[in-house]
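Engineer: Fold the following.
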Amino acid sequence: RDAQSKSSEFLGPLHGIPILVKDEIDTAGMPTTLGSVVFKDYRPPLDAFVVARLKKAGAIILGKTTLSEFAAGDTYGSLFGATRNPYDLERTVGGSSGGSGASVAANFSTVAVGEETGASLRRPGAWNGIVAMRTTAGLISRTGMYDGYPSEPATMGPMARTVRDMAKLLDAMVGYDPEDPLTALGVGHFPESYTRLLDRNSLRGARLGILRESIGTASEPASEDFKKVNVVFEKNIAELKAAGAVLIDPLVIPDLKKLLDQRAVNSPTAEEALRVWLGRNPNSPIKTRADIQNSRQVDQIFPPTKAQQWKRTTEPVDLARWGEYLTARHQLLLNLMKVMADNRLDAIVHKSVEHQPTLIKDGMNPPYVTNKGVPTLNTFLVYVPSITVPSGFTSDNLPAGITFLGRPYSDATMIQLAYSYEQNTHHRKPPETTPPLH
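Structural biologist: As a prediction, this is how the structure comes out:
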């Protein structure tokens, strides 16, 4: 890339930018291990659609990043063990895109690509003090990614130390891909450049609904840990107001928890998504879920509860239960959109994670504490954008974040609001374990 620059052969906006990619996204010439010994020798021959776009824009793919095994849960796996948080080496980076989050926080790369199905971009984003975004479904292709098409919630997303860097990365990621029909929904819904829309004053006059209700997985509102995050959030609310935002506080979304409880995890598209991904590698020794189930390494999958899930024969999908979830998803989207319309809101703001990063020892030992305090509202709804931005540190000197969540395909607005908040607060500071580069 240096030589190309000297000869004026400039490839694109990411020319020479070092990028790391979550290890469930295919990069030709590198393994895709899913963090598991089962896939330690898996070598995809083709780039994922997004990886090909990044290379075309001039990026240098340095390598792959750790993740929770099979991209579900916290960043522990049979192939690499636990990934440590740069802000406290005894704590987790979150998951499942924990390696991507830690690598950016620790200056191992300029930006990174992660993926989110539940909260896998926003949790490691918040817990590693960086910016991370899950866009509206359909903006970013999943071709060449584990758990991609025809699933809906899972999507790749950009992770960076600043909103501007994240926007530059996102510019190169979005686009229509015929192999991922979901991206047809995104056509016409992204600007020529998100970066050009950044405005430090975007919060001025913006109407924001403050969601105070606890909606995190296994959150403990009475605990001291929860309260430490809440102290930061109270300061964040004051910062939004100081930046000129009009706050509707508190915002109440009818039947929020009741509807969120209708989430169904046994998806009718899971088997097909696995087949589609593996089908891009005709030489793969693993071709079906049964091949994983019958692998000699299946007992090494971590934690043991996850190994048992893979060893079990899958039960038929309960389509009635799935239908109940889809009905609840539709109703909650209507409830949320109506509240936003009635209050003329530009975005909803909530804590990115309701607890501090958990201790590695608690995640590596029974009962395997993992997704504590994680809101999954956006991925329950699928078609809404959500971005987390650093919002300060708790009394334990651990990073926290706030999330801007918007209407379907209002991604540009969420980026503008996050940028304005970042520029008005400048909360991020690098971890002491990895000093800033000079």
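Engineer: Figure out how far the helix ranked longest in the chain is from the centre of its chain.
Structural biologist: Identified as the longest helix of the chain according to DSSP state H is helix 319-342. Relative to its parent chain, helix 319-342 has a centroid offset of 22 Å by C-alpha atoms, centre = their mean, to the nearest Å.
Engineer: Next SSE downstream of it?
Structural biologist: With elements assigned by DSSP states H and E, the helix or strand that comes after helix 319-342 is strand 347-351.
Engineer: relative to helix 319-342, how tilted is that following strand?
Structural biologist: In this structure, strand 347-351 runs at an angle of 110 degrees to helix 319-342, with axes from the mean of the first three to the mean of the last three C-alpha atoms, to 10 degrees as the basis.
Engineer: which other residues reach strand 347-351?
Structural biologist: 206, 208-212, 215-216, 229-230, 233, 236-237, 240, 251, 336, 340, 375, 377, 400-406, 410, 413-414, 417 (C-beta atoms under 8 Å, 6 or more residues apart in numbering). All C-beta spots, glycine's among them, are computed from the backbone N, C-alpha and C.
Engineer: one more time with 6 Å
Structural biologist: The contact list for strand 347-351, computed with C-beta atoms under 6 Å, 6 or more residues apart in numbering, reads 208-211, 233, 402-406, 417.
Engineer: neighbouring strands for it, and are they parallel or not?
Structural biologist: When pairs are called by DSSP bridges, strand 347-351 turns out to pair with strand 207-210 (parallel), strand 399-405 (antiparallel).
Engineer: Buried deepest among those, which one?
Structural biologist: Each of the strands paired with strand 347-351 was given a mean neighbour count from mean count of other C-beta atoms under 10 Å, and the largest, a mean of 28, is that of strand 399-405.
Engineer: For the helix or strand bottoming out on mean pLDDT in the chain, buried residues please.
Structural biologist: Using mean pLDDT, DSSP states H and E, the weakest-scoring helix or strand in the chain turns out to be helix 2-6, at a mean of 85. Residues of helix 2-6 classed as buried under the neighbour-count rule (16 or more other C-beta atoms under 10 Å) do not occur.
Engineer: cool, and stretch 167-182?
Structural biologist: Within stretch 167-182, the residues that count as buried by 16+ other C-beta under 10 Å are 167-177, 180, 182.
Engineer: which ones among the residues you listed are found in helices?
Structural biologist: Counting by DSSP H, those place 167-173 in helices.
Engineer: Angles on the backbone of the residue most central in space within the chain, please.
Structural biologist: Among the residues of the chain, the smallest C-alpha distance to the mean C-alpha position (C-alpha atoms, centre = their mean) belongs to Leu121, namely 1.6 Å. In terms of degrees, to the nearest 10, the main-chain angles of Leu121 are phi -100, psi -50.
Engineer: which ones are touching Ser97?
Structural biologist: With C-beta under 6 Å, 6+ apart as the criterion, the residues that contact Ser97 are 22, 114-115, 120-121, 124.
Engineer: Hmm, the residue nearest to the centre of the chain is touching Ala132, no?
Structural biologist: Yes: contact criterion C-beta atoms under 6 Å: Leu121 and Ala132 qualify, at 4.4 Å.
Engineer: Any idea how many residues pack against Leu319?
Structural biologist: A count of neighbours around Leu319, defined by other C-beta atoms under 10 Å, yields 11.
Engineer: before we move on, the earlier item: name the helices or strands packed onto the helix or strand that the least confident helix or strand of the chain is followed by?
Structural biologist: Towards the C-terminus, the helix or strand next in line after helix 2-6, according to DSSP H and E, is strand 18-22. Packed against strand 18-22 by the contact rule (3 or more C-beta pairs under 6 Å, 6 or more residues apart in numbering; DSSP states H and E) you find strand 60-65, strand 111-116.
Engineer: angle of the next helix or strand after strand 18-22 against strand 60-65?
Structural biologist: For strand 18-22, the following helix or strand on the C-terminal side (DSSP H and E) is helix 49-56. Inter-element angle recorded for helix 49-56 and strand 60-65: 150 degrees (by the same axes, to 10 degrees).
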